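**Q** need a 3D model of the following:
(3 chains, ligands or ions: 2)
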Amino acid sequence: DVTIRYAHVGSEGDIQYWYAEEFAKRVAERTEGRVTVQVFPNSQLGGAQETVDGVRSGAIPLAHHEFASLARLLPDIAAFAAPFAYRDGRHAMAATDPNSSEVMQDLSQQLVDAANIRVIGRLYRGARQMTANMAVYSPADLEGQRFRGVPLQLWTTMINGMGAIPTPVEVAELPTALLTGMVIGQENPLTMINANKLFEVQTHVMLTGHMQNVLPVFINEDAWQSIPEADRAIVGEIAAEIGEETLEMGLKAEVDLIDELKGKGMTFITEADGLKVEEFRTSVGAEVAKDFPTWAPLIERIQAIE
Amino acid sequence: MQAPPSGPDVPAAVTATDGRAYAIDRMIEPVRWVFRLTSLVVLATLIALPFIQVVLREVLSTPIVGVEELTRFMLICSVFLAFPYVVSAGASIRMEEILAFLPSRIIVIVRFCTSLIAIAAFAILAFASLYAISRNMDNATPTLGIPYYIFFGAAFAGFTMTCVECLIQLFKALQGQPLYITFRQEQEPPQEFDITFDPMGKGN
Amino acid sequence: MALILILAFVVFFILGFPVVVALAVPAMVYVLYSGFPTEMMAQRMTYALDSFPLVAVPVFIFVGSLMNQAGITGHIYRFAQVLGGRVPGGLAQVNVIGSLVFSGTSGAALADISGLGRIQVRAMVNAGFSPPYSAAVTGASALVGPIFPPSIPLVIYGSVTSVSIVQLLVAGILPAILFILFLMLVVGWIAIRNNHPRSSRWPTVAEVWTAFLPAAPALFAPILLVGGMLHGLFTPTEAASVTVAYVLAIALFFYRGLTWQRLVFALFETVKTTSAVLIIVSAAALFGWVMAVEQLPQTFTRTLLTLSTDPLMLLFIANVLLLVVGMFLDSTTATLLVAPLIAAPLVMAGVDPVHLGIVFIFNLMIGLLTPPLGLALFMLSDIAKVSMWTVLRAVVPFYIPLFLMLFVLTIWPDLSLWLPRMLR
Ligand code: NA
Ligand code: NA
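**A** Ligands and ions are numbered 1, 2, ... in the order given. Now for the predicted structure:
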């Protein structure tokens, strides 16, 4: 019998928390106890970087986190997090399915060779949307404005493409920074915007859907091989099936959240209201092509899917 | 945290002495200065960086992405590099008061064991850091790409030197010499003017 | 297994092992014995310091040291003494109120103790108070910082549990003021009983003015910092570094007491104190990791929470849990580890999440002043140059207002919720 520790940084209420709990439950049932998954949520075993390093060394066998956090081990894998790479959430999930997407399988194998880590599934956390203290329609509106970006090159590139000045702010200090106007806006999935009560400090949501937040579930290769082959198939199946469920839940939650946030006083701006998503796509695309030249063939393969 | 104890009731073996009093101290002095000055410079930079970021962002509108990360990694380096200094200055946080109730013979034995365990622990931690370096040669921080070997290196250097300091203290304790070290630069300069707090005199 | 490790830590601690060693050794034995990768120990100890709230610690230690070395402290406290010296408790009262006033500039109890505390202890000792008592007053009053805005621990709590940070910060205001009043009463009472130093008469306006002028640039610092933060010029963490720049500027252009020798001394002191305290945070993280792997906090919490379904009863249980946790873990680690575990069930039982946040943080702050792992006690003994045991004995009377405050905070939700409700 195998026991596998599964660490992640999500807390209760987040879809990733539900994913891990559900995963542990179904694995125990369907392998009839041959494989036990012990979940450690809330960064109990360490933050993002530590989780990734832990999976690599084997201290933490199983985890999920952003594609960008694997970029240190395999730079090209962050292409899956590229802005405007997908048509929608469904497309994003199809392109990142390790059971069916060839480009995902390729990169997962490269990750095994490079870092002893295998991607066995993924889950959907919704599209990232832009919020600000003013109406934003096109990159021109953000000219010279300070906009909060995750302190990673990919976000710096994207926010430059959106026309704003990428400005780092710690997540914990984000509400204060938005309240005081240190930055005029930020971008995150609607669930995070609602959960962190950013509606208290922001007036507008622009439905740019610029990124699809898909989290890969990855496992230490030795831990993976320690699971009997038949059970590996079951585990992979479960990872995929709960992944699909997160997509359905995520898409539905998005619709509900828009209503909820409107009720809390936020104004939504969509393409119908004059939001120039194509302008953002072109201008961000140009920046990405400039800063990440090796991604072009990968993004092409991603966009060819389905 | 224990200030280097001094005074009539403190045994000679735990009082502090000038960093050049014994041959072994004179021998190791340059290494000590390397550690102290490096951690000092790193810390001074760490203190200045957020202010520089504020100026860059508010005055020049060009915030540097990654200053936060740099500050955090400087903190790591400074803490580990300064740790041997903490040990040699006797500033390690501990509580010896309960131990003091025990008979002096037992205290000596406990102190000796503490010393041996500490030496072993720091040696293993130094080894673990070295191992972490070997496993992370290609790894680097997400934003600025600072190689991991830099701060694991700081941990390795810090733990190794701490181990050496503990060995020196064990050796000194066996010789009955004062354990702790202070240099002139770390002694508080005298107040140039007298601070009188109660210009109106004390009374009730 | 987890209990054996805790027992080992306590025994080592009592036997006078350096706290780092007492924490690291049991955890290391566990890691090696259970076959975890060796490098994991180094990784955990290193990553634990990769935390943005901790960056403010050395900066505030430096501010305090710098203000001492530049002679600014003297001017501030001469003014404070002239103004409040006649009140029973004199400078001790100033120390208490000072924590509230300067809380805006630090927002973390340890930073308050190491920075401002250094100044306050020295001033009190110079005015004739005993070093242990000065340390105790400083420690108890520093606990107000994290419940009065701005507050780094509340921000962390809010981001871990997804509770509105703005509401949490506002909720802390009234409890903080009440707590300060409690402390002032205790300090006044102790002063009268023990005949503490006190001025013989009230000052004249001219005396106040003469004392105020040289202190003015330093007293302007909190106004400048809070103003800057409200205008979005810098974040609370950046405020620490801005303070250094401001203090350096007034030290060079106004006070002119700062020499190279003093600056170097201040830096050395900062390096040493920072390392001595943070290396423990680092070892505690390794220890906490092992506890988490052994699922101790999880099991412990789950068991305790099944004992009742009454919100008030659950809050009391949470208090006990948090006091125990606060004794062993530093507040950041404890928040990350325990907040997610207890927040959900308590909120479901009907406890207001904002109220819980204030109770939660105040509990952990009390843990800073209780052995065995009371980081504040360690710092105070360093600052006051007395042993930890002595500091602890002087702190004991202050447990009364601390626990009274905790009790009031627990049973009276409106104290925390009245202000934020006006925002809802
Ligand atoms: Na505060
Ligand atoms: Na105080």
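**Q** secondary structure class for B:Asp25?
**A** Applying DSSP: H, G, I helix; E, B strand; the rest coil to B:Asp25 yields a three-state assignment of helix.
**Q** give me the helices and strands touching whichever helix or strand B:Ala44 is part of, please.
**A** Assessed by DSSP states H and E, B:Ala44 sits inside helix B:23-58. With contacts taken as 3 or more C-beta pairs under 8 Å, 6 or more residues apart in numbering or on different chains; DSSP states H and E, helix B:23-58 sits against helix B:67-88, helix B:148-175, helix C:52-69, helix C:236-250, helix C:260-293. All C-beta spots, glycine's among them, are computed from the backbone N, C-alpha and C.
**Q** neighbours around the residue in the stretch 201-306 of chain A that chain C sits nearest to, how many?
**A** Taking C-beta to the nearest C-beta as the measure, the stretch 201-306 of chain A has A:Val201 as its residue closest to chain C, at 7.3 Å. For A:Val201, the neighbour count with other C-beta atoms under 10 Å in any protein chain shown is 21.
**Q** shouldn't it be in contact with A:Pro175?
**A** Yes: here A:Val201 reaches A:Pro175: they are 5.4 Å apart, a contact under C-beta atoms under 8 Å.
**Q** quick one: common contacting residues for the two?
**A** C:Val166 (C-beta atoms under 8 Å, 6 or more residues apart in numbering or on different chains).
**Q** ok, B:Thr160 - contacts?
**A** B:Phe122, B:Ala126.
**Q** correction: the previous question concerned C:Ile250.
**A** C:Ala70, C:Ile72, C:Pro217, C:Ala218.
**Q** farthest-separated two in those?
**A** C:Ala70 and C:Pro217 (10.9 Å; C-beta to C-beta).
**Q** of these two, which one has the most company?
**A** C:Ala70 (25 against 19).
**Q** okay, now the spatially closest residue to the more buried one that is not a sequence neighbour: neighbour count?
**A** Leaving aside its sequence neighbours, C:Ala70 sits nearest to C:Ala251 (C-beta to C-beta, 6 or more residues apart in numbering or on different chains; 3.7 Å). Neighbours of C:Ala251 under the rule other C-beta under 10 Å: 22.
**Q** relative to A:Ser11, how far out is C:Ala251?
**A** From C:Ala251 across to A:Ser11, the span is 44 Å (C-beta to C-beta, to the nearest Å).
**Q** same thing with C:Leu377?
**A** With distances taken as C-beta to C-beta, C:Leu377 is found 31 Å from A:Ser11.
**Q** what about A:Asn42, which SS state?
**A** coil.
**Q** test my guess that it contacts A:Val9.
**A** Yes: proximity of A:Asn42 to A:Val9 meets the contact threshold set by C-beta under 8 Å, at 7.2 Å.
**Q** now the helices for the stretch 51-200 of chain C?
**A** Ranges of helices in the stretch 51-200 of chain C, per DSSP state H, counting those that start in this stretch, are C:52-69, C:72-84, C:91-106, C:109-112, C:118-126, C:131-142, C:152-161, C:165-171, C:173-194.
**Q** just put those in CSV and tack on distance to chain A, mean neighbour count and mean pLDDT.
**A** CSV is the format used below for the helices of the stretch 51-200 of chain C (distance: least, C-beta to the nearest C-beta, whole Å; neighbours: other C-beta atoms under 10 Å in any protein chain shown; pLDDT from 0 to 100):
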stretch, distance to chain A, mean neighbour count, mean pLDDT
helix C:52-69, 5, 26, 78
helix C:72-84, 28, 23, 76
helix C:91-106, 13, 25, 72
helix C:109-112, 16, 29, 67
helix C:118-126, 26, 24, 80
helix C:131-142, 21, 28, 88
helix C:152-161, 4, 25, 72
helix C:165-171, 5, 25, 78
helix C:173-194, 16, 18, 88
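**Q** in JSON lines: these, plus distance to chain B.
**A** Shown next, in JSON lines, are those (distance: least, C-beta to the nearest C-beta, whole Å):
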{"stretch": "helix C:52-69", "distance to chain B": "5"}
{"stretch": "helix C:72-84", "distance to chain B": "4"}
{"stretch": "helix C:91-106", "distance to chain B": "7"}
{"stretch": "helix C:109-112", "distance to chain B": "12"}
{"stretch": "helix C:118-126", "distance to chain B": "5"}
{"stretch": "helix C:131-142", "distance to chain B": "11"}
{"stretch": "helix C:152-161", "distance to chain B": "14"}
{"stretch": "helix C:165-171", "distance to chain B": "18"}
{"stretch": "helix C:173-194", "distance to chain B": "9"}
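**Q** shared neighbours of C:Ala70 and C:Pro217, anything?
**A** Joint contacts of C:Ala70 and C:Pro217 (C-beta under 8 Å, 6+ apart) are C:Ile250, C:Tyr255.
**Q** and C:Tyr399, how many neighbours?
**A** Neighbours of C:Tyr399 (other C-beta under 10 Å): 14.
**Q** residues touching it, list them.
**A** So C:Tyr399 contacts C:Leu369 (C-beta under 8 Å, 6+ apart).
**Q** just the one 5 residues further on next, same as before
**A** With contacts defined as C-beta under 8 Å, 6+ apart, the neighbours of C:Leu404 are C:Phe182.
**Q** those residues of chain B touching chain A, which are they?
**A** B:57, B:61-63, B:65-69, B:135-136, B:139-143 (C-beta under 8 Å from any C-beta of the partner chain).
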